[in-house]
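S.K.: Generate a structure from the sequence data that follows.
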Amino acid sequence: MKRVFEHKLLAWKQRTNALPLILVGARQTGKTYLISEFCKRNFEEVIVMNFAEKPEYKDFFRPSLAADEIAGRMELFFNRKINTEKTIFFFDEIQDCEEAISSLKYFAESPSDYRIVAAGSLLGVKINRLKSSFPVGKVQLEYLYPMDFEEFLWALGENLLAEEIRKRYADNKPFAEIIHGKALQLYRQYLCIGGMPAAVKNFVECGKDLMLFNSAIAADILTGYLADMTKYSENVNSVKIHAVYRSMPLQLAKQKRFMYKTVEQGGNKDKYQSAIEWLLQANMLLSCMLVEVPHPPLAAYFADSMFKLYLSDVGLLVSLSRLKFGEIANNAEMMYRGFLTENYVAQTFVAHGINLNYWSSGNRAEIDFLLELQDGIIPVEVKAAENVRSRSLAAYAAKYKPVYAIRLSAKNFGFENGIKSVPLYATHCMNYEL
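M.R.: Numbering: from 1, shown residues only. The predicted model follows:
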């Protein structure tokens with residue numbers, strides 16, 4: 001959601017006395033790059049503080065958190081006067097400096113129009129462990145997720161195709177098969193690469209050739225994630241966090257909901273709940289809650305302790321699962337194809353602000369996702385291939401009679417028998433329904 005965030009930054013810049021803005025997201029999603037480019041393009045002076053690289057910068061916030069005093073210490077240190085109309089402050093890796101987080105309240109309340117942007121990779125984890133209170137109501141929080149498929153198309157220079165996918169989604173008009181086939185192939189390449197900017201950049205630089213793509217990029221990101229689990233886990237056992245995260249391929253392949261016993265024989269909620277919460281707060285995992293009765297508001301009908309988990313990026317899931325690109329790109333029959341597809345849909349929904357919920361009637365029927373729209377609760381079924389026959393959707397429709405249903409699959413666009421057929425490569429278009 002890079003373009004969306006860029007528009008939000010520009011709107012933020014134009015406001016008078018704008019609150020400090022914090023961009024939150026998992027590591028390697030492009031937070032630092034986006035903010036750095038924005039600062040360079042829109043301000044004459046940029047003061048950057050990366051608290052992970054230079055822990056000594058924490059001293060700017062001691063002994064006082066008064067905004068003008070902090071700015072005064074910076075002026076002396078950097079040997080330059082700060083003109084608030086021309087200067088922006090960028091606090092990077094702000095989760096490593098609790099005092100900087102607390103100071104945002106005082107910058108927001110200062111009569112001087114300070115411009116503060118910050119980025120935090122594990123801010124969700126840090127907020128719950130702050131010794132002082134988080135400046136609620138004094139900051140603007142924004143979230144950044146891995147690139148979705150549309151952004152992947154833009155990176156590949158497929159702007160015309162991206163625009164036409166939006167049009168076809170709106171009018172349900174199918175593509176010519178040659179175009180549909182091309183879009184599906186690009187979608188399968190996305191499954192291999194994922195949406196982490198470094199991976200997408202390398203794929204483009206390699207001439208969009210999976211054979212030349214550096215698959216070690218995803219592995220390196222995973223290594224960094226595992227290192228963060230050890231560094232920032234504090235009161236939560238990092239071994240348990242590792243165990244939950246590494247169990248995800250097996251969780252997704254074996255069953256429809258998260259099972260503690262898959263992490264460890266005899267595992268239970270008491271032992272692993274805190275580890276799961278840590279991973280959710282770190283934006284490394286996504287949670288999908290079971291809804292017992294699909295009536296609005298869905299949150300009122302969540303089943304206790306029944307949920308599914310997904311990884312934040314399908315490319316990381318492919319790397320963690322050690323899957324072969326060739327099988328994915330060639331759409332080979334494999335047990336992992338279904339859960340890759342479902343994870344892709346889940347991460348796309350979250351990136352577009354769509355809450356993750358699902359419905360099940362025991363072992364008889366299950367709907368992958370439920371959308372809470374103006375038309376009511378709309379069931380969304382996900383299929384990895386063109387074989388779209390489903391008893392679950394028929395059973396749900398007969399019982400709850402939704403206005404229509406959505407089927408995400410490898411089939412072309414269309415609308416028939418109350419089912420809107422959406423190709424998987426158009427999943428991102430569903431934010432228009434909200």
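S.K.: Could you list the low-pLDDT ranges of the stretch 101-250 of the chain?
M.R.: 126-131, 235 (pLDDT under 70).
S.K.: That one: helices as residue ranges?
M.R.: Along the stretch 101-250 of the chain, the stretches classed as helices by DSSP state H, counting those that start in this stretch are 123-127, 149-155, 159-171, 177-193, 197-205, 216-232, 238-246, 248-254.
S.K.: Compare those and give me the one nearest Val4.
M.R.: Across the helices of the stretch 101-250 of the chain, Val4 has its closest neighbour in helix 149-155 (9.7 Å, Cβ to Cβ). The C-beta positions use only the backbone N, C-alpha and C, and glycine is treated the same way.
S.K.: which helices and strands does the closest one pack with?
M.R.: Other helices and strands packing on helix 149-155, by 3 or more Cβ pairs under 8 Å, 6 or more residues apart in numbering; DSSP states H and E, are helix 159-171, helix 177-193, helix 197-205.
S.K.: now with 6 Å?
M.R.: helix 159-171 (3 or more Cβ pairs under 6 Å, 6 or more residues apart in numbering; DSSP states H and E).
S.K.: which other residues reach the helix it packs on?
M.R.: Under the contact criterion Cβ atoms under 6 Å, 6 or more residues apart in numbering, helix 159-171 has outside partners 150, 153, 413, 426, 429.
S.K.: Most neighbours among these, which one is it?
M.R.: Ranked by neighbour count (other Cβ atoms under 10 Å), the contacts of helix 159-171 have Glu150 at the top, with 25 neighbours.
S.K.: Quickly note the distance from the closest residue to that one other than its chain neighbours to Ala351.
M.R.: In space, and not counting its chain neighbours, Glu150 is closest to His428: 4.8 Å by Cβ to Cβ, 6 or more residues apart in numbering. With distances taken as Cβ to Cβ, to the nearest Å, His428 is found 8 Å from Ala351.
S.K.: What is the burial count for the closest residue to Arg246 other than its chain neighbours?
M.R.: Counting by Cβ to Cβ, 6+ apart, Arg246 lies nearest to Leu320, which is 7.2 Å off, once chain neighbours are set aside. Neighbour count for Leu320, taken as other Cβ under 10 Å: 19.
S.K.: picking that back up, I figured the residue nearest to Glu150 hits Asp148, correct?
M.R.: Yes - His428 lies in contact with Asp148 (Cβ atoms under 6 Å); the separation is 4.8 Å.
S.K.: Quick check: neighbours shared by those two?
M.R.: Taking Cβ under 6 Å, 6+ apart as the contact rule, His428 and Asp148 both touch Thr348.
S.K.: which other residues reach stretch 15-23?
M.R.: Counting by Cβ under 6 Å, 6+ apart, 12, 31, 104, 107-108, 113, 116-119, 139-142, 144 sit against stretch 15-23.
S.K.: If we go by neighbour counts, what in it is buried?
M.R.: Buried positions in stretch 15-23, judged by neighbour count with 16 or more other Cβ atoms under 10 Å: 18-23.
S.K.: What are the structural domain limits within this protein?
M.R.: 2-143, 216-433 (automatic domain parsing).
S.K.: And for Ser274, the neighbour number?
M.R.: 16.
S.K.: measure it to Leu285 for me?
M.R.: According to Cβ to Cβ, Ser274 stands 13 Å off from Leu285.
S.K.: what are the bridge partners for Ala119, then?
M.R.: Leu23, Asp92 (DSSP bridges).
S.K.: Relative to Met74, which of the buried residues of stretch 15-23 is nearest.
M.R.: Distances from Met74 to the buried residues of stretch 15-23, taken by Cβ to Cβ, are shortest for Pro20, at 15.3 Å.
S.K.: which residue sits closest to the closest one, ignoring its sequence neighbours?
M.R.: The nearest residue in space to Pro20 (Cβ to Cβ, 6+ apart) is Ile116, at 3.8 Å.
S.K.: give the contact list for the one you found.
M.R.: Contacts of Ile116 (Cβ under 6 Å, 6+ apart): 20, 89, 107.
S.K.: what about 10 Å?
M.R.: 18-22, 47, 67, 88-91, 94, 100, 103-104, 107-108, 139 (Cβ atoms under 10 Å, 6 or more residues apart in numbering).
S.K.: how far away is the residue nearest to Glu150 from Ile406?
M.R.: 13 Å.
S.K.: what do these two both touch?
M.R.: Contact with both His428 and Ile406 is made by no residue, according to Cβ under 10 Å, 6+ apart.
S.K.: sorry, back to before: and the residue nearest to Pro20, how close does it get to Phe134?
M.R.: Ile116 is 15 Å from Phe134, by Cβ to Cβ.
S.K.: can I assume Arg115 is in contact with Cys39?
M.R.: Yes - counting by Cβ atoms under 10 Å, Cys39 is a contact partner of Arg115 at 9.0 Å.
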